[in-house]
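Need coordinates for the below:
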Amino acid sequence: MKYVRIFLGIFMLFFGLNRMFHFMPEPPWPEGAAAFLSALDMTGYMTQTISLADILVGALLIANVLVPFALLIGMSVLGHSILFHMFLAPETALFAIVGSILNIVLIYHYRESYIPLLGKNLPQQRV
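A predicted model of the protein is given here:
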C-alpha cells in the first residue's frame, strides 16, 4: 500500500500544482464546464482553495503524515471532481476516476482509523 499512497500523493500534488501554475494545458472544456470553472475563478478564492487542498493532501500522503485525515480531505476533492466530470465533462473523467479509486482503496486499507468517527465508541442504549 506504500506505493499506492505515494502514487496518489504525487497524483494529488501534480494536479494541485497544475491548477495553480498551469504548466500542463487544459483540455477544451464543454460550454457548461467552462462556465463553471470560470465562476470558480471569479470568486477569487475557490480555485486556489481547491488547489491548496490537493497540494496539502499530496504532501501529507507522500510524507506519510496524518494519512487517514489526508484521505478524507482527498475524497472530498475527488468526489466533487467526479461529479463535475459526470455532469459537465464526461469525456475527461479518467483522472478523476483513477484518483477516486486509489483513494477508496487507501481508505479501506486505513479503515480501522475511522472507527471512532463512525460512532463505535458511543455508549450502548438500554433496552
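
okay, CA-based contacts and neighbour counts for the rest of this
Noted.

where along the protein do the helices fall?
For the chain, the helices defined by DSSP state H cover 2-21, 31-42, 46-63, 67-88, 94-109.

number of nearby residues for the residue nearest to residue 29 when sequence neighbours are not counted?
Nearest residue to residue 29 in three dimensions, chain neighbours excluded: residue 89, at 7.0 Å (Cα to Cα, 6 or more residues apart in numbering). Residue 89 has 18 neighbours, counted by other Cα atoms under 10 Å.

cool, residue 49 as well?
For residue 49, the count of nearby residues is 13 (other Cα under 10 Å).

Figure out which of the helices of the chain is closest to residue 116.
When the helices of the chain are compared by Cα to Cα, helix 67-88 sits nearest residue 116, at 12.1 Å.

which of the helices of the chain is buried the deepest?
The highest average neighbour count among the helices of the chain, using mean count of other Cα atoms under 10 Å, belongs to helix 46-63 at a mean of 20.

Now do it: everything it contacts.
5-6, 8-17, 19-20, 40-41, 66-67, 70-71, 73-74, 77 (Cα atoms under 8 Å, 6 or more residues apart in numbering).

Excluding covalently adjacent residues, which one is nearest to residue 67?
Of all residues not flanking residue 67 in the chain, residue 61 sits nearest, at 5.7 Å (Cα to Cα, 6+ apart).

thinking again about what came up before, pipe the helices of the chain into CSV and attach distance to residue 115 and mean pLDDT per row.
As requested, these are exported to CSV (distance: least, Cα to Cα, whole Å; pLDDT from 0 to 100):
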stretch, distance to residue 115, mean pLDDT
helix 2-21, 20, 95
helix 31-42, 35, 95
helix 46-63, 20, 96
helix 67-88, 11, 96
helix 94-109, 12, 96
